[in-house]
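*Asks:* Build me a structure from this.
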Amino acid sequence: MTTREVNRVRELLAGTDPTADPARARGDDESRATLARIVASPVPAGPWSPSALRGRPAVRLVVVAATVGLVVVIAAAGPAVLPGHRSGSAYAATPPLLDYHGSRQSSRDLLLTLAAAAGRQPEPAAGRYDYIQTQGWYLDTAQDTTGHVFRSQVDATRREQWSDAAGSGRIEETRRGVRTDTSRLYGPGQLGGPPPLPADADAVRAELARRSHGYGDFEWLVAVHDVWLAQVVPPQVQTAMLQALASLHDLSVKGSVTDRAGRPGVAVTTTSAHTGLRENYTMIFDPHTGALLDYEEVTLDAGNLHVRVPATIDYTVWLHSGRVSSVDERP
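*Replies:* Residues are numbered from 1 along each chain as shown. A predicted model of the protein is given here:
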């Protein structure tokens with residue numbers, strides 16, 4: 001599900017006002033300590049870990065019958081909202097903002113430089129399965145139709161995915177350290193995701209334009225994000241995607257940064273208020289290879305999200321990718 005669909009759910013629920021469940025409220029100090037432990041968790045030093053954090057979990061809008069009446073369950077992309085005890089409200093204990101160092105370089109010049117760097121990279125090794133390892137922090141909030149929050153927590157999600165051209169493969173995923181039901185083998189056609197892009201620059205631009213649905217430059221970033229979540233991206237395809245992004249007019253350079261995995265990167269960003277809230281959409285790239293390292297969304301307006309703005313509401317780290325011959329291998 002795309003960020004646009006996530007935001008449609010947010011719009012649908014814009015009138016609700018999440019409140020803390022007193023039985024679960026543990027106070028701001030413990031909430032901050034919980035988040036600090038999660039954010040400070042070291043990235044595995046080796047080529048793989050037992051699981052990896054996912055890019056963006058699917059948004060779930062579920063209506064079920066309960067003794068207290070109709071219940072709406074929402075799991076939206078973004079960091080967890082931890083219940084706070086003050087004023088009966090729930091406040092997002094969001095990951096700290098990254099420290100970007102500004103640049104006067106144009107987004108076009110930066111992205112074309114990155115495209116040239118990507119084009120110099122070697123082709124991925126041969127193998128039946130594309131292996132993707134990611135890590136992220138997302139909002140997982142559940143509430144009933146009165147707006148009462150009965151679950152609000154940090155979903156630190158670790159994810160590994162193996163997928164082949166037929167849409168079969170394997171997922172290993174944990175949330176809050178617990179293996180999820182999505183962790184299993186998948187038959188042909190059971191693993192979704194956008195189809196692989198061609199290596200032709202014009203064809204890539206046309207396809208990204210189609211996937212952005214005319215919503216604005218931010219959806220081009222979302223489209224590139226979705227490609228990286230689903231496949232090992234060959235150098236020619238990454239070059240073409242960066243060239244396509246370079247043609248956009250509403251991107252700007254956010255500057256150099258050290259990402260949450262401790263890697264140096266350079267970032268481009270755009271702002272959109274299509275949901276009614278202003279949000280920054282940012283991508284961080286490896287300055288030497290042009291590879292995508294991170295994707296983040298930062299809201300500048302709180303609305304009913306109960307965050308202290310600016311607040312990171314979605315963050316994905318790509319840790320490793322490569323091709324392997326079986327779902328039991330890692331590159």
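*Asks:* tell me which element Leu319 is part of?
*Replies:* Element membership for Leu319 (DSSP states H and E) is strand 311-324.
*Asks:* Rounded mean pLDDT for that strand, please.
*Replies:* Here strand 311-324 scores 94 as its mean pLDDT.
*Asks:* so what does it touch, helix or strand wise?
*Replies:* strand 129-144, helix 217-230, strand 292-299 (3 or more Cβ pairs under 8 Å, 6 or more residues apart in numbering; DSSP states H and E). Every C-beta, even on glycine, is put in place using the N, C-alpha and C of the backbone.
*Asks:* Next, format those as TSV and append distance to Ile313, mean neighbour count and mean pLDDT.
*Replies:* Converted to TSV, these look like this (distance: least, Cβ to Cβ, whole Å; neighbours: other Cβ atoms under 10 Å; pLDDT from 0 to 100):
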stretch	distance to Ile313	mean neighbour count	mean pLDDT
strand 129-144	7	24	82
helix 217-230	13	23	95
strand 292-299	5	24	95
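*Asks:* Mind putting the ones you listed into CSV with distance to Ala93?
*Replies:* Output for the helices and strands packed on strand 311-324, formatted as CSV (distance: least, Cβ to Cβ, whole Å):
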stretch, distance to Ala93
strand 129-144, 10
helix 217-230, 24
strand 292-299, 14
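*Asks:* And Ser247, how close does it get to Thr270?
*Replies:* According to Cβ to Cβ, to the nearest Å, Ser247 and Thr270 sit 13 Å apart.
*Asks:* Identify the contacts common to these two.
*Replies:* The overlap between the contact sets of Ser247 and Thr270 (Cβ atoms under 8 Å, 6 or more residues apart in numbering) is empty.
*Asks:* ok, which stretches of the chain are strands?
*Replies:* 60-64, 71-75, 81-83, 90-92, 129-144, 149-163, 169-175, 178-179, 184-186, 252-258, 264-272, 279-285, 292-299, 311-324 (DSSP state E).
*Asks:* and the first one, what's its mean pLDDT?
*Replies:* Read it as strand 60-64. Rounded mean pLDDT across strand 60-64 is 35.
*Asks:* got it, and the fourth one?
*Replies:* With pLDDT averaged residue by residue, strand 90-92 scores 60.
*Asks:* Likewise for the third one?
*Replies:* Confidence for strand 81-83, expressed as mean pLDDT, is 40.
*Asks:* follow-up on the earlier one: tell me which of the strands of the chain sits nearest to Val227.
*Replies:* Closest to Val227 of the strands of the chain, according to Cβ to Cβ: strand 292-299, at 8.9 Å.
*Asks:* Just the residues contacting that closest one, thanks.
*Replies:* Contact with strand 292-299 is made by 3, 55, 77-78, 97-98, 221, 224-225, 228, 233, 238, 259-261, 263, 265, 277-286, 305, 307, 309-318, as judged by Cβ under 8 Å, 6+ apart.
*Asks:* how far off helix 217-230 does that strand point, in degrees?
*Replies:* Strand 292-299 runs at 140 degrees relative to helix 217-230, counting by axes from the mean of the first three to the mean of the last three Cα atoms, to 10 degrees.
*Asks:* So what are the sheet partners of strand 292-299 and their directions?
*Replies:* Sheet pairing for strand 292-299, assigned by DSSP bridges, gives strand 279-285 (antiparallel), strand 311-324 (antiparallel).
*Asks:* Of these, which is nearest Leu111?
*Replies:* The nearest among these, by Cβ to Cβ, is strand 279-285 at 8.4 Å.
*Asks:* Only alpha carbons, please: show that closest one as CSV.
*Replies:* In CSV, the C-alpha atoms belonging to strand 279-285 read as follows (Å, rounded to 0.1, in the frame of the first residue of the first chain):
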residue,chain,number,x,y,z
GLU,A,279,5.0,16.8,5.4
ASN,A,280,8.6,16.6,4.2
TYR,A,281,9.5,13.5,2.1
THR,A,282,13.2,12.9,2.0
MET,A,283,15.5,10.3,0.4
ILE,A,284,19.1,9.7,1.4
PHE,A,285,21.6,8.3,-1.1
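*Asks:* now the angle from it to strand 264-272?
*Replies:* Using the same axes, to 10 degrees: strand 279-285 against strand 264-272 is 150 degrees.
*Asks:* what's the average pLDDT for strand 279-285?
*Replies:* For strand 279-285, mean pLDDT is 97.
*Asks:* what does that strand contact?
*Replies:* Taking Cβ under 8 Å, 6+ apart as the rule, strand 279-285 contacts 3, 114, 218, 221-222, 224-225, 242, 254, 257, 259, 265-273, 291-300, 310, 313.
*Asks:* which residues touch the closest residue to Leu248 other than its chain neighbours?
*Replies:* Nearest non-adjacent residue to Leu248, counting by Cβ to Cβ, 6 or more residues apart in numbering: Asp217, 4.7 Å away. With contact taken as Cβ under 8 Å, 6+ apart, Asp217 is in contact with 248-251, 270, 272.
*Asks:* change it to 7 Å
*Replies:* 248, 250-251, 270 (Cβ atoms under 7 Å, 6 or more residues apart in numbering).
*Asks:* Considering these, which is situated nearest to Gly102?
*Replies:* Gly102 lies nearest to Leu251 out of the contacts of Asp217, by Cβ to Cβ, at 14.5 Å.
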